[in-house]
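J.: Task: produce atomic coordinates for the following.
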Amino acid sequence: MKKFLTMLMVASVFGLVACGGPTEEEKVAAEAEAAAMVEEMMGGLEEVMEEAEEVAVEATAEGEEAMTEGEEATEEVVEEVVEEAAH
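T.: Now for the predicted structure:
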């Protein structure tokens with residue numbers, strides 16, 4: 001009886017191990033789901049990168065404009081000082 005129960009237990013263990021993994025269909029479905037999630041994340045990343053690029057371009061344009069205005073103001077002040085010194 002002891003040998004019979006041992007053999008039954010060994011057979012049960014083999015049966016559980018053999019049936020434990022996912023099927024090929026489940027593997028393919030999981031891979032497809034993972035690929036879809038990666039694609040979704042990459043799409044969101046591309047949108048964020050485009051928005052960041054637009055903001056950077058706008059900030060650069062504003063910075064250049066402010067720099068030009070600052071240079072013009074400096075030139076005006078220098079001209080005024082030179083004119084006052086000449087009088």
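J.: For whatever helix or strand residue 66 lives in, give the mean pLDDT please.
T.: Residue 66 is part of helix 24-86, with elements assigned from DSSP states H and E. What helix 24-86 shows for mean pLDDT is 86.
J.: Repeat that for stretch 7-18.
T.: Regarding stretch 7-18, the rounded mean pLDDT is 83.
J.: Run the chain-centre distance for it.
T.: 46 Å (CA atoms, centre = their mean, to the nearest Å).
J.: One more: stretch 74-81?
T.: For stretch 74-81, the distance to the chain centre is 49 Å (CA atoms, centre = their mean).
J.: Pull the residues that contact that stretch.
T.: Outside stretch 74-81, not one residue touches it by CB atoms under 8 Å, 6 or more residues apart in numbering. (Each C-beta comes from the backbone N, C-alpha and C, glycine too.)
J.: I'd like to know how many residues surround residue 23.
T.: Residue 23 has 9 neighbouring residues, counting by other CB atoms under 10 Å.
J.: Please report the distance of it from residue 29.
T.: Per CB to CB, to the nearest Å, residue 23 is found 9 Å from residue 29.
J.: can you check residue 22 too?
T.: Distance, residue 22 to residue 29, using CB to CB: 9 Å.
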